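Asks: here is the input, now give the coordinates:
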Amino acid sequence: MVFYFKARPEAGDYTIFMGLDKHENEDLIKYGFPEDIWFHVDKMSSAHVYLRLNKGQTIDAISEGLLEDCVQLVKANSIQGKVRTVRVEKRVNEIVNRLNKTKVERKPDLKAEREAVNAAERAVRKLQLRDKKRREEMERLEKEKQAEIRSYKGLMISDKMTSNKQIASTNKSLQELEDDFM
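Replies: This next block holds a predicted model:
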């Protein structure tokens with residue numbers, strides 16, 4: 001069982017979640033995303049609380065309010081102690097109660113979720129690679145076309161040439177030949 005919480009509205013649309021016990025916590029770690037931030041009391045038995053950041057965000061993007069929500073959940077679901085980077089002196093029941101009102105229990109297939117995200121990322125990379133190859137091929141063809149235009153190969157084609165003997169055999173006057181030439 002995994003518990004999901006909604007962060008305070010002014011913090012943005014973030015998912016906060018925690019496992020029911022150590023088995024779920026192990027799966028949450030195993031199938032976690034690179035964007036997941038883990039909150040836990042150092043060297044003590046405590047809840048494992050996770051915050052899923054948006055793609056490309058770093059830990060520096062966490063606002064004070066969002067950080068407070070996460071550490072209060074750890075504090076409320078732990079025996080005692082401090083959080084590694086933030087000292088939580090006391091439990092703030094208003095925050096914990098607000099978060100508990102948003103609590104949703106689910107039994108997610110963490111492995112399938114992770115595999116789906118990996119498959120989507122592979123598909124994006126595959127499309128990007130295909131587009132890159134298509135652009136490179138178009139650039140190569142354009143370069144060949146420009147090289148063909150600049151070359152003299154197309155000027156001296158024997159099918160388009162006439163010899164003096166062929167001109168003489170047409171029985172045209174010199175004036176007619178000059179008119180055809182122009």
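
Asks: after the strand or helix carrying A147 comes which helix or strand?
Replies: Using DSSP states H and E, A147 sits within helix 110-150. Toward the C-terminus, helix 110-150 is succeeded by helix 164-168 as the next helix or strand (DSSP H and E).

Asks: any idea of the mean pLDDT for that following helix?
Replies: Averaged across helix 164-168, pLDDT comes to 73.

Asks: what do you get for stretch 124-142?
Replies: 93.

Asks: okay, buried residues for it please.
Replies: Of the residues in stretch 124-142, none count as buried by neighbour count, 16 or more other C-beta atoms under 10 Å. The C-beta positions use only the backbone N, C-alpha and C, and glycine is treated the same way.

Asks: so which elements touch the helix holding A147?
Replies: helix 22-30 (3 or more C-beta pairs under 8 Å, 6 or more residues apart in numbering; DSSP states H and E).

Asks: and the helix it packs on, how far out from the chain middle?
Replies: Distance, stretch centre to chain centre, for helix 22-30: 25 Å (C-alpha atoms, centre = their mean, to the nearest Å).

Asks: centroid-nearest residue for the chain?
Replies: Note on the chain: the residue nearest the mean C-alpha position is E121, at 6.2 Å, using C-alpha atoms, centre = their mean.

Asks: domain map for this structure?
Replies: In terms of domains, the chain is parsed into 2-108, 115-167 (source: automatic domain parsing).

Asks: I'd like these as CSV, with distance to Q175 appended.
Replies: Listed next are those as CSV, based on distance: least, C-beta to C-beta, whole Å:
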stretch, distance to Q175
domain 2-108, 78
domain 115-167, 13
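
Asks: can you say which of those domains is packed in most?
Replies: Most buried of these, by mean neighbour count (mean count of other C-beta atoms under 10 Å): domain 2-108, with a mean of 15.

Asks: quick check: mean pLDDT of that domain?
Replies: Mean per-residue pLDDT for domain 2-108: 83.

Asks: so how far is that domain from its chain's centroid?
Replies: From the chain centre to the centre of domain 2-108 is a distance of 24 Å (C-alpha atoms, centre = their mean).

Asks: now do the same end-to-end measure for it.
Replies: 7 Å (C-alpha to C-alpha, to the nearest Å).

Asks: repeat for stretch 156-167
Replies: Note: stretch 156-167 ends 18 Å apart using C-alpha to C-alpha.

Asks: now that stretch, how far from the centre of its chain.
Replies: 62 Å.

Asks: now swap in stretch 145-165 and tell me
Replies: For stretch 145-165 - counting by C-alpha atoms, centre = their mean - the centre lies 51 Å from the chain centre.

Asks: ok, and what's touching it?
Replies: With C-beta atoms under 8 Å, 6 or more residues apart in numbering as the contact definition, stretch 145-165 has no outside contacts at all.

Asks: just the endpoints, please. Distance across it?
Replies: For stretch 145-165, the end-to-end distance is 36 Å (C-alpha to C-alpha).
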